[in-house]
Every structure is written in C-alpha cells, then in structure tokens.
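**Student:** below are the sequence and a predicted model for it; my questions follow.
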There are 4 protein chains.
Amino acid sequence: MGTQRLEAFSDGVLAIIITIMVLELRIPHSADLAALRPLFPVLLSYILSFIYLGIYWNNHHHMLHVTRRVTGAILWANLHLLFWLSLVPFVTGWMGENHFAPVPTALYGGVLLMAAIAYYILQLQILRVEGPRSVLASAVGRDFKGKFSPLFYLLAIGASFVRPEIAEGIYVLVALAWLIPDRRIERALARAAPHEGGAA
Amino acid sequence: MGTQRLEAFSDGVLAIIITIMVLELRIPHSADLAALRPLFPVLLSYILSFIYLGIYWNNHHHMLHVTRRVTGAILWANLHLLFWLSLVPFVTGWMGENHFAPVPTALYGGVLLMAAIAYYILQLQILRVEGPRSVLASAVGRDFKGKFSPLFYLLAIGASFVRPEIAEGIYVLVALAWLIPDRRIERALARAAPHEGGAA
Amino acid sequence: MGTQRLEAFSDGVLAIIITIMVLELRIPHSADLAALRPLFPVLLSYILSFIYLGIYWNNHHHMLHVTRRVTGAILWANLHLLFWLSLVPFVTGWMGENHFAPVPTALYGGVLLMAAIAYYILQLQILRVEGPRSVLASAVGRDFKGKFSPLFYLLAIGASFVRPEIAEGIYVLVALAWLIPDRRIERALARAAPHEGGAA
Amino acid sequence: MGTQRLEAFSDGVLAIIITIMVLELRIPHSADLAALRPLFPVLLSYILSFIYLGIYWNNHHHMLHVTRRVTGAILWANLHLLFWLSLVPFVTGWMGENHFAPVPTALYGGVLLMAAIAYYILQLQILRVEGPRSVLASAVGRDFKGKFSPLFYLLAIGASFVRPEIAEGIYVLVALAWLIPDRRIERALARAAPHEGGAA
C-alpha cells in the first residue's frame, strides 16, 4: 500500500484541527478595542498550538516522504497520533480562556506528551517496516529531540502547579527547538540520492 | 472513471466527521479538575466513535485500493455510506452527554447498523463491477465480520433498553473484532501480485 | 494548468459544506425519543440538501473529468458556484428549524436557483475552452435537465408562498430527476474512447 | 521535496477557512424576511472575505504551480500565511456583526495587511530557491499589485477611524484589482513552454 491516501487523510484531519481552533476566538459583541483584551490569552494559546500542529505536520510530511509501504499497524499508529492531536483545540481553548491556570496548563502538557509518544510509536512502526538501513533510520539517528521533548513536557506538567509561567516557557522553548530547521531527513535523502534518485 | 477523486472526497468527509466530533467536548468555564468530570462520558463515547470511524476509513481505503472503476451506482452507494457516518457525531454527542442512557445508546447502534448496511451495499456495487474473479472478491470471501456485525448491533439495540452497559460492551467488542488486523485484502493482493504487480 | 488542484479544492469545500450541515442537528438535552421529534424536519431538510450537494459533487466530478485545461475564468466560475453552495447549510437549517415555513422554503429555492445558474456559467466557461467538438460538448448536448431545473426552482419559489408543501415536492422531484443516472458523459467518453483512450 | 502535499494541506486549510466563515451567518429564529435584515452586513462581509480568500487561493495555486522544490523555509512561510488567513473568519464576523464599525474595520485591514506581507515573504522564499531566471521570477516581474496592496490596506486602516465607508471602498477596490485576471504566470509559462513543456 502506498502512502498517498494516508497522507491525504492526515492532511485533512490536521488542516481541520488547526482551523477549528480559531473558532474558540469568539467574536465579541461590542466593537471597541477593549473587547479584544479578554481574547488575548486565547490568541496566544492559539498561536502556540498553531506552531505545534505546524511542527507535527512538517515532521509527519518529512517522515512519510521517506516511507515506502504502509501496513495496518502504521495506519492505526497514525490514527492514534491524530486522536491526541484532535484534543489540542480543546486543551488550547481551556488553557487560553482560563488565562493559563495550573490545571489547564498541565493538561495541555499532558496532551503534548501523549502526542509525542504517539509520534514515537508511529516512527517505530515505520522503522520496523523500512528496516535499519532505510533513509528514515539514517535520518532519525539518535533522535535527540524526539527523546527529550517528553521529558520537558513532564517537567512542564509538574511546573504548572508551582508556577504556570514556567510551564508555558517550557512549551515555547520546546516549540522553538523544533522550529530550528531539522535537516536530518533532507540530508539523509541527499546522501541516499545517488542510489535512490529524487523520491518526490 | 478512476477512484482517485472518490477517495479524496471520502477522505475529506471522514476527516471532517472525525474532527468535528471533538467540538462536542465543550470547554468548561472553571479551571479545576472537577470541571472535567462531566466530560468523561463524552470523551469515552468520542474514543469509541473515533475508533469506529478509523475502522471505516481503514476498510474503505483497502476496498477502494482494489477497485479499478467507479460507476454512478458506486458514487451514490458511497455517498449513502457517508450520510450515515455523518450522523455519528450527533449520536455520539447525544449518548455521551446523557451518560449512555437507553434511547441514545440504542440510536447509536441504529446508526452503526445503517452504516454497516450502507458499507455492505457499497461493497456489493463494487463487486458487481469488479466481477467474481477480482482481487476484491477473493479478499472479501465469506465476509464473516461484515455479516455478523449487523446482528451484534441489533442485539445491542435490544440490550440498550434492558441494560445499556451490555450494549456498550457489544459496541466495544465489535470494534475490537474489526481492529484485529484484517489481512484478507493484503493477502489477496499478495496472491494476485504475480499477475498484477503492486497496484499502489 | 491541470484540473487536479481545482478538483481537490472543490472537493474540500463540498466535503466541509456537506458535513457542517449536520451541526444544525443540535443535540437535545433530554435522553428520550420525544426529544428527537423537533429534530425531524431538520433531518428531512438535511437529507434533501445532502442529496443536492451529492448531485453537484457528482456532476462536477464528471464535468471536470473531461476538462483538460483550467483558465482564470474557470477558476472564478468555480468559486462562484462554491459560494452559492456554501449558503446551502444556512438555508437548510433555516427551513428545517422553521418547519418548512414559506419564506425559508422560498429562500432555499433561491439558493438552489443561483447554484444552478452558477453551474451553468461554469459549464459555459469550460465549453468555451474545450470547444464545440470536445467530449464535454457532445456529452452536454441539449442539456434538458440543466435548462429545466431553474424553471422548476422558480416555480417552487412562487409555490412557497401559496403552499410550501408543493415547493418541497418540486425540490424532491428535481433531485430525483438528477439522481436518475445521467450517463451522457460516460457515453460520450465511450464514443470518444477509440480516439482518446481512458482519460482517467 | 515536491509541492504536492504542501498544496493539498493549503487547499484543505483554505477550504475550511472559506467555509467556516459561513457559520457566522447564524440561523434566525423567526421565519420572516425581516429576520434576515440584521444578517445583511454579515453576508456582505462574508462575500468580501470569500473573494479575498478566493484570490489568495488562486494566486497561491499559480505560484506553487511554477515551484519545483519545497524547503523547510517555504513550509514555514506557507504556514505563516495560513495563520493570518485563519484569522479572516474572526475579523469578518466581527466587522459584519458590528455593521462596519471603525475598530473592526481597521482590524480587518490589519489582517489583510499581515496576510499580504506573509504572502510576500512566501514569494521571496520560493524565489530564493527557484532563482532569478525561473519562470516565477519572470512572472512576478516588478510585482506592482503585491507592492501596492499593503499601502492601500494601511490607507484603509487609517480611514477606518475617519469614515469606515472609505476603508470598505478601498478593500473592495483592491479586491477588484486582483480579480482582473493576472496572466503574468500564464504568459511566463507560455514563454517558457518551448523549453519546459506543459508543467501541469
């Protein structure tokens, strides 16, 4: 089975998740600037989640780009990832509307943690099929970011109950760490190019 | 007519159905853990429906993978299936918000039953076009699961009015039966491979 | 320019339109069967609109299947069609929630009328590019249904103010007329096949 | 990396944005024509935003059509554009529901301005990869419209606080300027055709 329809379905779900989050920005009744003030934390949490979902889409895109065969296990590992990502709008809205209160901030980290684990499981399933000498295996390498992100989420969940600002700071830092262009797959493809040609 | 656009449209509708369900998880106003408690049955019913829609997407994906030609009858049988699946968010929300009360639980089974019948009709239409010697025909074989699921849904609908827990148990069991990887189409493709090559 | 992305975008919009309509089926608070009764007209109007949107998707699918080149005029004619179709959920909900009252029933016909005109304009734009000897031109032929549907919508709009039931009957009849498989494009393709091969 | 999945994801997000805007047209409770009157400004602002999003989709479609390689920077520039466009339904609803009051009208222009800048950044990123002799570079040329639109949005933002009608007029004029078919890319492709063939 090719990856095309898996990618199309994932793109669809991610596009919807990223877009329905904006529905939490409820239109205020009055028309003055002051009416926008209570929306500010909602907008901030929306931007944070938009970036996280963008990172997931980006990494998912790169990973499936070097995946050649889709098995039932991969399909379900992918749906499992989408399930946790589908909860992002809920925790984003809850955190934003409650001005980054402890429990919502911790739950936000919890969903990020579960999504990170689900992504890791998906990667494992694909690696099992692709094999240790695949482009993906060489691209993933020791996978520092993938292994450290969950630890940071755990740290942030704990910090939420002490000072939520620290938790938010950790979420922003992890996002920035992922935003720094990760050229592993691109480099691995370039190395593999003489043998494989442009896979796109 | 090829299957590409039928798949794309179905993927779109399924992606939206699976994602708008999460909108029923309404964001609570207070920021404590207790505020999440009433959402627990809604989350449970969301997970159940997410798995069912995942199964449908998965099976649909496999079935259309071995479909080579799309007729008007197939297009409409597919829309008929999507219609019943589009009612899943409604019955999921109704069942979850009413803590698995009898009538919503029975209606949930009713929609699953109609979706199963619609899927069966779609399969029949495709088999009519593909013919009895097609990869799909050999993959479907005697189609135990497809034939028994409706009986279990009927059983669950009846049980809803006696003890809704039994109905929920049946829904979970049927979902698990489908989750067990169904390698029929993959095996049939493998058997057909010498003659057909990788169709993906 | 190829038609692929135009189809993908249209499929996306149509998939969303067809699915967000179901959000008008608001989940009732009580858990008994009586709670579903007020939803019945909403469900009926949903089914009617689902079929209409299915017909549009189906015809759009067939028409673009035989379109080989997309111009700016075609892109905008297509967006114009999508605009009118995007108003279908609004008029569907308004008509259903008001139990097929005169004004909403007339407006429903008005949106169908505008969508039919928009479809006709799109067809004209494509025919201008494809030319009078194209597969599409031979498929469209004298286009009875395309020309008569607007007349029936006009009739229904008038009837809404006398007896809305008559208007609803006309909407159902027109939908049925379109549901009857329209093999014009398939036949035209078959005729063209010796020269063009399978265009899919 | 090819552009296919970037286009698919962007199409998905744009299709959802353009369609969820219509949810702001809230279904009135009474069934008479007078009930539609308060919706009129909401409909007007919906039409304006529908056209703007159509223009963005159209230009995006043309630009990616002549893009051959997607880098990480392009992926993020594209997500940045989608972020600003995702705020269009919010400002559209706010402006429409407040009958084009000064602050919402200015904010509408602010989002259009940011989207225009985001589009410009995306174009720069693609041009950096494609190079100064690419089809895109020759198509963009001196890019009058791209450079003047932001100035007009700034003008409109200022005018919002004096007379919002002037701001609305500017938004309509800029949209019309973009609607006038922009054949630059088509012409550039035609010029490049002897060397490149039909790129679609």
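**Tutor:** Arrived safely.

**Student:** do me a favour and get the end-to-end distance for stretch A:83-94?
**Tutor:** This stretch, stretch A:83-94, spans 18 Å end to end (CA to CA, to the nearest Å).

**Student:** wait, doesn't A:L155 sit right on A:Y171?
**Tutor:** No: the criterion here is CB atoms under 8 Å, and A:L155 misses it with A:Y171 at 10.5 Å. The C-beta positions use only the backbone N, C-alpha and C, and glycine is treated the same way.

**Student:** neighbour-wise, which of those two wins?
**Tutor:** Neighbours were tallied for A:L155 and for A:Y171 using other CB atoms under 10 Å in any protein chain shown; the higher tally belongs to A:Y171 (23 against 15).

**Student:** now name the helix or strand holding that one.
**Tutor:** helix A:164-179 (DSSP states H and E).

**Student:** any bit of the lengthiest helix in chain A sitting next to chain B?
**Tutor:** Ordering each helix of chain A by length in residues (DSSP state H) puts helix A:102-130 first. Yes: using CB under 8 Å from any CB of the partner chain, helix A:102-130 reaches chain B at A:P102, A:V103, A:P104, A:L107.

**Student:** count the neighbours of the third one for me.
**Tutor:** By the measure other CB under 10 Å, the count of residues near A:P104 is 30.

**Student:** burial measure for the residue in chain A that chain D sits nearest to, as a count.
**Tutor:** Here chain A gets closest to chain D at one residue, A:A15, 3.2 Å apart by CB to the nearest CB. Residues lying near A:A15 (other CB under 10 Å) number 28.

**Student:** ok, it - contacts?
**Tutor:** Listed by CB atoms under 8 Å, 6 or more residues apart in numbering or on different chains, the contact partners of A:A15 are B:A15, D:F9, D:G12, D:V13, D:A15, D:I16.

**Student:** what's the closest of these to chain C?
**Tutor:** D:A15 (3.3 Å).

**Student:** re the thing from before, most neighbours among the residues of helix A:102-130 next to chain B, which one is it?
**Tutor:** A:P104 (30 neighbours).

**Student:** quick revisit: redo the contacts of A:A15 as TSV? Include secondary structure.
**Tutor:** Below are the contacts of A:A15 laid out as TSV (DSSP: H, G, I helix; E, B strand; the rest coil):
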residue	secondary structure
B:A15	helix
D:F9	helix
D:G12	helix
D:V13	helix
D:A15	helix
D:I16	helix
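
**Student:** close to chain C: what parts of chain A are there?
**Tutor:** Residues of chain A lying near chain C (CB under 8 Å from any CB): A:G12.

**Student:** and the residue nearest in space to the middle of chain A, how far is that from A:L25?
**Tutor:** The centre of chain A sits closest to A:Y56, judged by CA atoms, centre = their mean, with a distance of 3.3 Å. A:Y56 is 21 Å from A:L25, where distance means CB to CB, to the nearest Å.

**Student:** now swap in A:V42 and tell me
**Tutor:** 6 Å.

**Student:** ok, now A:L124?
**Tutor:** From A:L124 to A:L25 the distance is 37 Å (CB to CB).

**Student:** do the same with A:F144
**Tutor:** The value you get for A:F144 to A:L25, if CB to CB is used, is 35 Å.

**Student:** comparing these two, which residue is more hemmed in?
**Tutor:** A:L25 (21 against 9).

**Student:** surely the more buried one touches D:V91?
**Tutor:** No: between A:L25 and D:V91 there is no contact, the gap being 9.8 Å when judged by CB under 8 Å.

**Student:** including pLDDT, could the residues of helix A:102-130 next to chain B go into JSON lines?
**Tutor:** JSON lines is the format used below for the residues of helix A:102-130 next to chain B (pLDDT from 0 to 100):
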{"residue": "A:P102", "pLDDT": "96"}
{"residue": "A:V103", "pLDDT": "96"}
{"residue": "A:P104", "pLDDT": "97"}
{"residue": "A:L107", "pLDDT": "97"}
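
**Student:** and the two most separated of those?
**Tutor:** Using CB to CB, the pair of the residues of helix A:102-130 next to chain B lying farthest apart is A:P102 and A:L107, separated by 9.7 Å.

**Student:** contact residues of chain A facing chain D?
**Tutor:** Counting by CB under 8 Å from any CB, chain A sits next to chain D at A:7-8, A:11-12, A:14-16, A:18-20, A:22-23, A:25, A:27-33, A:36, A:47, A:50, A:54, A:57-58, A:61-62, A:65, A:179, A:181-183, A:186, A:200.

**Student:** are any of the residues you listed buried, and which?
**Tutor:** Buried residues within the residues of chain A next to chain D, counting neighbours by 16 or more other CB atoms under 10 Å in any protein chain shown: A:7-8, A:11-12, A:14-16, A:18-20, A:22, A:25, A:27-28, A:31, A:36, A:47, A:50, A:54, A:57-58, A:61-62, A:65, A:182, A:186.

**Student:** still on that earlier bit, quick one: which of the residues of chain A next to chain D sit in strands?
**Tutor:** Among the residues of chain A next to chain D, DSSP state E puts none in strands.

**Student:** in stretch A:93-111, which of the residues would be classed as buried?
**Tutor:** A:93-111.

**Student:** now the terminal residues of that stretch, how far apart.
**Tutor:** Across stretch A:93-111, first to last residue, CA to CA, it's 13 Å.

**Student:** so how far is it off the chain centroid?
**Tutor:** Relative to its chain's centre, stretch A:93-111 lies at 17 Å (CA atoms, centre = their mean, to the nearest Å).

**Student:** where do the helices sit along chain A?
**Tutor:** A:4-20, A:40-65, A:72-86, A:88-97, A:102-130, A:135-140, A:144-160, A:164-179, A:184-196.

**Student:** tell me the residues of chain A that contact chain B?
**Tutor:** Residues of chain A lying near chain B (CB under 8 Å from any CB): A:1-2, A:4-5, A:8-9, A:12-13, A:15-17, A:20, A:23-24, A:72-73, A:75-76, A:79, A:82-83, A:86-87, A:89-90, A:93-94, A:97-98, A:101-104, A:107.
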